[in-house]
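Engineer: Any chance you can model this:
(one chain, ligands or ions: 1)
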Amino acid sequence: EYYDSYSGTPVTVNEVRKHDKKNTTFWCINQIEPCVADEWRRVDGSCNNLHQPTRGASHTPTYRLLPPVYTKNFDKRESKSGRSLPLERFLRTTLVPMGKLSDPTFTTLSTNFLVFMTSDVLSIHDTINYIAWKPYCCLPKGRTDRTCVPNMIPDDDPVHRFSDIRCLNMTRPESFQSIGCIKNYTAPERIITGTPSFDLSTVYGSSLKPLLEKGRLFQSGLLKYEVDNGRVWPPSIKTGLDVCLANQRPQEKRCHAIPEKGGNSLAGINLMTVWLWRQHNLIAKALSKINPCWDDEKLFYTARDINIAIVMQIFYYELLPALFGRENLLKDGVISSTPGFRDFYNNELFPQISLEFPFVLRWFHTTQEGDMKLFDTEGHYLRKLPIVNFTIRTGFFGVEDNMDYVTQGNFRQGSAKFDYIVDPDIVNIGLGQFQRAADLLTNDLAKNRLFGFQPYVKYRELCFKQSFKTFDDLKQAIDPERVEMLRDVYEDVEDVDLLAGIWLEKAITGGHVPPTLSCIVVEQLLRVIRSDRHWYERPNRPNAFTYEQLLEIRKATVARLLCDVGDKVTQIQRHAFYRISNNNPMCSCKDIEFVNLWAWKDETCGTATKLSLDPLYDPASLFQTEFLK
Ligand code: HEM
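Structural biologist: Modelled structure (predicted):
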């Protein structure tokens, strides 16, 4: 059956043909098999909501917390006075100065995990667009292309007054209108390929075909894998560079040939993808021993379901409490104070993301460390490399013992400090060799305007019922010296961009993030619990966990994840999003709790191959070639 991706209503074969002719079927149409109420979570996200089969599927619309504001032709809003708002790059250099300082609290693993979570619900085409397809927006050709929206650099720019660079390349986000799915006289509706539910789209992909072709081994529920020098990898391309354009040939050859190319993108996303790919196989292999009568299909979907649940458990109960404050999340109902089931499912809410949710997470660019530090497996510091040079460069991780070193760095190195400054590489280089210069935060602010978000004060009002009429009113949310910065650059308090306000806000009480960011993210986190029919804490979903199984999932931690699937990790601190300290000392993996998969023993299967589970969880033996074969 065919559906219109935007509206979710059924369409005729004739209409599909029209899209075929325009080459827009991939984007504008969802082809969906009839829903079966008790089936597993589908890879393409369809049938999550049984009344509206397309909602929850890939390339379906986002919602907005506040309606958009644009000038005519859906161009960027102007200031209250009618003049243009200050230039994005100017605001970035003025409001967020550069500097390098490590965070005393969080490890780089925390930002890597978080960026992986954002990749689950987004897509990479908006970045590929200006890197690969339209690299010319700063050239004369760009002036005639409406897709081009480059960012100008003022002559007195603190960095580029010393260079000849006066323009940063950028394109508009793709929308249902720009692709040609709907008429273009309505506000642009962003189009995204990742499914809007947290379902590890970066590992399993967002549609069935690529998973079947590139992912599944069709044996014991496993994903395809390769063993190279004792390490387990996702399958790789055999010739050429594919998307791994930054691989340094001839040594660096590896590039994952997996359902979602985005798994090769940022270093953090790449590592997480490899780890979760391995974790899937670890789970599937154990289940196949425990339940010898299960077929490949059942093993695969059970392993995927457990893999997703473990990641959600770590995300909701370990990472988010660390960043947003455990008490805050308990109070808001994002996390539960008891380990048992909870069920807030409401089939009238569709599984969707707000446009604001992933947007505000860009704030974490200010917490991104510019150096990638390498440590040996004894924890000795080796050297550091600029992390901006490791995007689309899977090959590096496949060479020598780099995986060991980078993995150690993830839990030994601090993230950049959660403060008001940004690492210079993030705002000068940003995309490594792929642009002469890139400033991620300037792009973030520019996207803020292209998405048409209402001013900061409107979100403050939405979130906290506060109405800020003057710059002085902002002092309730922002330190006085930073209010002054805003007063210097914006004409009116209502001109202040959403992101600019978030950049300068005082951190939330009990947590480490700006309160307005927290408000927007919490709204989404709750929406996920209410709208995702397959949410792991529900007792009434298809193939739901038993109470005993859920209690096992509750034991998952990121430290255990790295013990199980990190290269040569034999010891780690228990709370690996936090830095090693006297309160969080290194301990042996043997002492870290694990999810005991015997809870999935199917009594109808007869006796299992009685194996002690320890070898499964002993990383040294786990990824031996013999074991996986
Ligand atoms: C080395 C580190 C990183 C690099 C090189 C990087 C690079 C980029 C680039 C090039 C973009 C697109 C900018 C544009 O709109 O033109 C982007 C967007 C984004 N980044 Fe990062 N980033 C990094 C780390 C992070 C981290 C730690 C987070 C944490 C949440 C994050 C979250 C996001 C989000 C949510 C977007 C928006 C993507 C979208 O809406 O499609 N990034 N990043």
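
Engineer: Remind me what the strand or helix carrying residue 426 packs against, helices and strands.
Structural biologist: With the criterion set as DSSP states H and E, the secondary-structure element containing residue 426 is helix 424-428. In this structure, helix 424-428 makes packing contacts with helix 440-450, judged by 3 or more Cβ pairs under 8 Å, 6 or more residues apart in numbering; DSSP states H and E. From N, CA and C alone the C-beta is placed, and that goes for glycine too.

Engineer: contacts for the very next helix or strand once past the helix it packs on?
Structural biologist: For helix 440-450, the following helix or strand on the C-terminal side (DSSP H and E) is helix 456-464. Helix 456-464 has contacts (Cβ atoms under 8 Å, 6 or more residues apart in numbering) with 65-66, 356, 453, 466-468, 477, 493-494, 496-498, 500-502, 515-516, 519-520.

Engineer: do the same with stretch 75-92
Structural biologist: 69-71, 151-154, 157, 168, 427, 439, 441-442, 445-446, 449-450, 452, 489-492, 494-495, 497, 500.

Engineer: still on that earlier bit, enumerate the positions of the helix holding residue 426 that are buried.
Structural biologist: Along helix 424-428, the positions that meet the burial threshold by neighbour count (16 or more other Cβ atoms under 10 Å) are 425-428.

Engineer: do the same with stretch 322-335
Structural biologist: By neighbour count, and taking 16+ other Cβ under 10 Å as the criterion, the buried residues in stretch 322-335 are 322-326, 328-329, 332, 334-335.

Engineer: Next, format those as CSV and append secondary structure, pLDDT and distance to residue 111.
Structural biologist: Rendered in CSV, the data for these read as follows (DSSP: H, G, I helix; E, B strand; the rest coil; pLDDT from 0 to 100; distance: Cβ to Cβ, whole Å):
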residue, secondary structure, pLDDT, distance to residue 111
322, helix, 98, 12
323, helix, 98, 10
324, helix, 98, 14
325, coil, 98, 18
326, helix, 98, 19
328, helix, 98, 20
329, helix, 98, 19
332, helix, 98, 23
334, coil, 98, 20
335, coil, 98, 21
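
Engineer: Can you redo these as CSV, where the extra columns are distance to the ligand?
Structural biologist: CSV is the format used below for those (distance: Cβ to the nearest ligand atom, whole Å):
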residue, distance to the ligand
322, 14
323, 10
324, 13
325, 18
326, 20
328, 18
329, 17
332, 20
334, 17
335, 19
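
Engineer: of all those residues, which two lie farthest apart?
Structural biologist: For the buried residues of stretch 322-335, with distances taken as Cβ to Cβ, the pair at the greatest spread is 322 and 332 (15.5 Å).

Engineer: I'd like to know how far the nearest residue to residue 125 once chain neighbours are set aside sits from the ligand.
Structural biologist: Of all residues not flanking residue 125 in the chain, residue 174 sits nearest, at 5.9 Å (Cβ to Cβ, 6 or more residues apart in numbering). Here the distance between residue 174 and the ligand works out to 10 Å (Cβ to the nearest ligand atom, to the nearest Å).

Engineer: And residue 282, by the same measure?
Structural biologist: Following Cβ to the nearest ligand atom, the distance that separates residue 282 from the ligand is 26 Å.

Engineer: What of residue 115?
Structural biologist: Distance of residue 115 to the ligand, computed by Cβ to the nearest ligand atom: 4 Å.

Engineer: Please look at residue 373 and residue 411 and confirm they touch.
Structural biologist: No - proximity of residue 373 to residue 411 does not meet the contact threshold set by Cβ atoms under 8 Å, at 11.1 Å.

Engineer: Find the closest residue to the ligand in the stretch 401-550 of the chain.
Structural biologist: As assessed by Cβ to the nearest ligand atom, the ligand sits closest to residue 443 within the stretch 401-550 of the chain, at 3.6 Å.

Engineer: OK, contacts around residue 532?
Structural biologist: By Cβ under 8 Å, 6+ apart, the contact set of residue 532 is 48, 56, 197-198, 345, 351.

Engineer: How far off centre is stretch 414-431?
Structural biologist: Stretch 414-431 sits 18 Å away from the centroid of its parent chain (Cα atoms, centre = their mean, to the nearest Å).

Engineer: first to last residue in it, what's the distance?
Structural biologist: Its start and end residues considered, stretch 414-431 measures 22 Å (Cα to Cα, to the nearest Å).

Engineer: and what of stretch 418-431?
Structural biologist: The first residue of stretch 418-431 is 22 Å away from its last residue (Cα to Cα).

Engineer: Please see if that stretch touches the ligand.
Structural biologist: Yes - part of stretch 418-431 sits close enough to the ligand to count as contact by Cβ under 6 Å from any ligand atom, namely 430-431.

Engineer: How about residue 179, nearest residue that isn't a chain neighbour?
Structural biologist: Across the structure, with Cβ to Cβ, 6+ apart as the measure, the residue nearest residue 179 apart from its sequence neighbours is residue 27 (4.6 Å).

Engineer: Could I get the CA-only coordinates of the helix or strand harbouring that neighbour as CSV?
Structural biologist: Assigned by DSSP H and E, residue 27 falls within helix 25-28. Taking C-alpha atoms only, helix 25-28 is exported to CSV below (Å, rounded to 0.1, in the frame of the first residue of the first chain):
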residue,chain,number,x,y,z
THR,A,25,9.0,8.5,-5.0
PHE,A,26,11.8,7.7,-2.5
TRP,A,27,11.0,10.9,-0.6
CYS,A,28,7.4,11.6,-1.1
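
Engineer: following that helix, which helix or strand shows up next?
Structural biologist: strand 29-31.

Engineer: what's the neighbour count on residue 34?
Structural biologist: Burial of residue 34, expressed as a neighbour count using other Cβ atoms under 10 Å, amounts to 7.

Engineer: how near is the spatially closest residue to residue 134 that is not a sequence neighbour to the ligand?
Structural biologist: Ranked by Cβ to Cβ, 6+ apart and with sequence neighbours excluded, the top spatial neighbour of residue 134 is residue 171, at 5.2 Å. Counting by Cβ to the nearest ligand atom, the gap from residue 171 to the ligand is 8 Å.

Engineer: All the strands of the protein, residue numbers only.
Structural biologist: For the chain, the strands defined by DSSP state E cover 2-4, 29-31, 102-107, 151-152, 167-168, 226-228, 231-233, 371-375, 381-386, 414-416, 571-573, 586-588.

Engineer: what residue ranges in the stretch 301-450 of the chain score low on pLDDT?
Structural biologist: Counting by pLDDT under 70, the stretch 301-450 of the chain contains no low-confidence range.

Engineer: now do 90
Structural biologist: Counting by pLDDT under 90, the stretch 301-450 of the chain contains low-confidence residues at 432-436.

Engineer: Could you list the contact residues of it toward the ligand?
Structural biologist: If contacts are counted using Cβ under 6 Å from any ligand atom, the residues of the stretch 301-450 of the chain sitting beside the ligand are 358, 361-362, 364-365, 368, 387-388, 391, 430-431, 440, 443, 447.

Engineer: Pull the most distant pair out of those.
Structural biologist: Across these, no pair lies farther apart than 387 and 447, at 21.4 Å, counting by Cβ to Cβ.

Engineer: Longest helix in this protein, by number of residues?
Structural biologist: helix 267-290 (DSSP state H).

Engineer: Now residue 586: closest residue in space, sequence neighbours ignored.
Structural biologist: Here the nearest residue to residue 586 in space, its sequence neighbours aside, is residue 571; by Cβ to Cβ, 6+ apart that works out to 5.0 Å.
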